[in-house]
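**Q** What would the 3D arrangement of this be:
(one chain, ligands or ions: 1)
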Amino acid sequence: MKKQATADGSDTLISDLFGESYHSKHGAITESNHVFIQAGLLPFLEKNTKIKILEIGFGTGLNALLTILATEGANSGVHYVAYEYYPITAKEASLLNYPTHLQYPQSAAFLSSIHESEWSVPINITPNFVLEKRQETFEDLSDVESYDLIYMDAFAPTAQPSYWEVPFVTQLAISLKPGGVLVTYCAKGSFKRALKEAGFDVEGLPGPPGKREMTRAQKR
Ligand SMILES: C[S@@+](CC[C@H](N)C(=O)[O-])C[C@H]1O[C@@H](n2cnc3c(N)ncnc32)[C@H](O)[C@@H]1O
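**A** So this is what the prediction gives:
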């Protein structure tokens, strides 16, 4: 796995297996914050205190870390389920510079806790954040009406087309509670059509730097 700096100074990784970057080269933290936290997590928490999140592609743990920081000290309870079949090593995780960029005293401790936490069991990382990492492939997802919010963060359709097509998108819809929301950086036309076919109302939102649009979709 190769580490690379992105435009906001935060690191990303380049996958040996897929040859793909884990984040936008225009800014890893900027992108994750824009797409998943600002467009997904925060609007939900304005109206609710408890949330169950599904992440498709745990990767560096950046989305999980930003979710912890966004809910730390708040009166909220997060259950965060993340699928990752090819976990990065503890050493790779320890070299990521997110804690320096986030300037939150406990970020380094949170980042190592989320990477060191046991797989397949729910673990309290903080009193209000439970992490359940599953080292399974995305195809293994079989939860029904379990989640309020999905962070859809598979590699792009050019690298992993099947996860942006109707059969898998339908599985994502099944895993969401009615009214649940999916957010993703991807705004490809065929993916938005697949979302509609799978039962979502689809909304295009301004994307993070370097991307005109991102997608938020709500299960009908
Ligand atoms: C775009 S990266 C995710 C970035 C991540 N959310 C982060 O904050 O760093 C996609 C992730 O999906 C994982 N992945 C790819 N194919 C997978 C599969 N079939 N099942 C489970 N995980 C997979 C990759 O190993 C990679 O970590």
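
**Q** Tell me the confidence at the nearest residue to Asn97 once chain neighbours are set aside?
**A** Among residues not flanking Asn97 along the chain, Asp11 sits closest, at 5.0 Å (Cβ to Cβ, 6 or more residues apart in numbering). Quick note: C-beta positions are derived from backbone N, CA and C, even for glycine. On pLDDT, Asp11 comes in at 98.

**Q** ranges for the strands of this protein?
**A** 2-5, 11-14, 50-56, 77-83, 123-126, 129-134, 147-152, 176-184, 200-206, 213-219 (DSSP state E).

**Q** distance between the last one and the chain's centre?
**A** It stands for strand 213-219. 14 Å (Cα atoms, centre = their mean, to the nearest Å).

**Q** Show me what it is packed up against.
**A** strand 176-184, helix 189-197, strand 200-206 (3 or more Cβ pairs under 8 Å, 6 or more residues apart in numbering; DSSP states H and E).

**Q** How about that strand and the ligand, touching?
**A** No - applying Cβ under 6 Å from any ligand atom, one finds strand 213-219 separated from the ligand by no less than 13.9 Å.

**Q** For beta bridges, what are the partners of Ala5?
**A** For Ala5, the residues forming beta bridges with it (DSSP bridges) are Asp11.

**Q** Same check on Ile51?
**A** Here Ile51, judged by DSSP bridges, has bridge partners Val78.

**Q** quick one: contacts for it?
**A** When contacts are counted by Cβ atoms under 8 Å, 6 or more residues apart in numbering, Ile51 touches 41, 44-45, 76-79, 148-149.
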